Structure formats: C-alpha cells, structure tokens
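> what would the 3D arrangement of this be:
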Amino acid sequence: QVGQLAAGVAHEIRNPLTGIKLLVEAALRPQAPRPLTLEDTQVMYREVKRLEQTVQHFLNFARLPAPQVAPCDLCDIVKQAWEVVQVKARQQKVDPRFDLPTQPVIVSADAGQLNTVLVNLYLNALDAIGTVGTLEIQLSPADQDAIQLRVCDSGPGIPTEIQEKLFHPFATTKPHGTGLGLFLSERILKEHGGNIDAKNRPQGGACFTITLPVHANRGKQS
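Predicted structure coming up:
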C-alpha cells in the first residue's frame, strides 16, 4: 500500500508539472521560441496552486481527499483543463473540437478534482493519438436524467487485453505509465455521485463518458 500511495502522489503531481514544463520548454527552445504570455503565466500559477493543494491533501489524509464542493461551471472546467495540454496538442498537430452548451452548466462539485480528471483524459487521448488527429469534447446541457461529458479521440482505441481492467489500479499500456490515472479518476467521480465508462467507437478511437447525476446540479438553483 505504501508503494500504491507513492505512485498515486506521483501521478497527481505529474499532470500539473507536464503543463508547466510544456509552456517553459516552448519559451526556451532554441529555434522559434514562444515567449510566455500573461495567459501562460496564469495557467502556470493555477497549476502550481493545484500542486500545493494536492501535496497538502496527501500529507493530511494519505488518501484521496473528500471533494470540496462548490457551484462551478463545467464549461469553464473543460476549457481550463484544455489550457494545460494545448501546447502538447499543438506540437502533435491534434485538432480539438469542442461541442459545449451556450449556457453555463453549473454543478456542485470540486472544480480542482474534476480538472484533474479531465487533464488526465486529455493527456491519455493525446498519447493515444500520437501525431495528427482529432480530440472531441462534448458536454450535454443538464436534463432530467444526467449531465454527460464525452472525451473522444481518433487514436487506435482501447486494446482488447486491457478493456476489462481499464479502471483497475496499475492497468496501463504505456511504457512509463503508473496505471493509476483512470483508477483515481473513477474514484473522484464516484465521490461526486457520478461514473465514467469507456468504449471503442465504430469509426475508430476511444470515447470516455463521464456522467454526473442531476442531484449534483444543485448549484444551478442558487
């Protein structure tokens, strides 16, 4: 269990570090450096704050912290999570396609934890796509049943040998992966009363669907 905890901490801090590293690398590359913009520094500051919070949570609880629930807009979380990985997406020539409602989709949730889930899904999708492809992010408006958020990629799909254990700890096909990203994402969503599932699309690629129940949409009434 000590090893699993250590791997969990490493995974939770890796995603914010990846976003910061990509922005700094783009500014430092010898050919065609991309100077840091105000938006870049804001992203970096937000990710550093996430790192601080994650480390403190693990120090305090040595487990996944309980959600700090507050009304938040899922549309904003979708966009903020994308800002963390957009440099990597540009480098890989991956085209994002957003299908978001024109009105805010307000849920009572821990925005930081949902951000962690989405950054993980985006990075997994980019790893699966490789070079040149599309990443589709679709968010349904709140209805009588549930709020659904889909992250679909044009990669090779989920390998058959891992489909049944995709959300188990340490299940991974990546050479340097911990296999904890989807496991932790599922735990976060269950803490919110939701769930996540994954399927291969008939046209190719994988699609991950997050479902949040209507009772998690209490913030819309305030």
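
> packing partners for the longest helix belonging to the chain?
If you go by DSSP state H, the chain has its longest helix at helix 2-28. On a contact count with 3 or more Cβ pairs under 8 Å, 6 or more residues apart in numbering; DSSP states H and E, helix 2-28 meets helix 38-61, helix 74-91, helix 111-129, helix 181-191. No exception for glycine: its C-beta is placed from N, CA and C like everyone else's.

> list the buried residues of the second one.
Neighbour counts using 16 or more other Cβ atoms under 10 Å place 74-75, 77-78, 80-89 of helix 74-91 among the buried residues.

> which among those gets closest to residue 55?
The closest of the buried residues of helix 74-91 to residue 55 turns out to be residue 84 (Cβ to Cβ; 17.5 Å).

> for the closest one, give me its contacts.
15, 16, 18, 19, 43, 47, 119, 122 (Cβ atoms under 8 Å, 6 or more residues apart in numbering).

> how many neighbours does the residue nearest to the first one when sequence neighbours are not counted have?
Spatially, and ignoring its direct neighbours in sequence, residue 15 is nearest to residue 119 (4.6 Å; Cβ to Cβ, 6 or more residues apart in numbering). Summarising burial for residue 119: neighbours were counted as other Cβ atoms under 10 Å, giving 25.

> residue 119 and residue 167, how far apart?
To residue 167, residue 119 is 17 Å away according to Cβ to Cβ, to the nearest Å.

> buried ones in the longest helix of the chain?
Neighbour counts over helix 2-28 (16+ other Cβ under 10 Å) mark 8-9, 11-16, 18-20, 22-23, 26 as buried.

> quick one: which of the residues you listed is nearest residue 98?
Taking Cβ to Cβ as the measure, residue 98 lies nearest residue 19 of these, at 18.4 Å.

> would you check how far apart the closest residue to that closest one other than its chain neighbours and residue 98 are?
Nearest residue to residue 19, sequence neighbours excluded (Cβ to Cβ, 6+ apart): residue 84, at 3.6 Å. Residue 84 is 15 Å from residue 98, where distance means Cβ to Cβ.

> how many other residues sit next to residue 45?
Counted with other Cβ under 10 Å, residue 45 comes out at 11.

> wait, residue 118
Using other Cβ under 10 Å, residue 118 has 25 other residues around it.

> for it, give me the pLDDT.
Note for residue 118: predicted pLDDT of 96.

> residue contacts, it?
Residues in contact with residue 118 (Cβ under 8 Å, 6+ apart) are 77, 78, 81, 82, 149, 151.

> 7 Å - rerun?
By Cβ atoms under 7 Å, 6 or more residues apart in numbering, the contact set of residue 118 is 77, 78, 81.

> need the contact list for the second one.
Okay, so that is residue 78. Residue 78 touches 100, 118, 137, 139, counting by Cβ under 7 Å, 6+ apart.

> ok, now residue 126?
85, 88, 89, 92, 94.

> what about it, distance to residue 91?
9 Å.

> partner residues bridging the closest residue to residue 86 other than its chain neighbours?
Nearest residue to residue 86 in three dimensions, chain neighbours excluded: residue 96, at 7.7 Å (Cβ to Cβ, 6+ apart). Note on residue 96: beta-bridge partners residue 135, judged by DSSP bridges.

> just the pLDDT for residue 7.
For residue 7, pLDDT reads 66.
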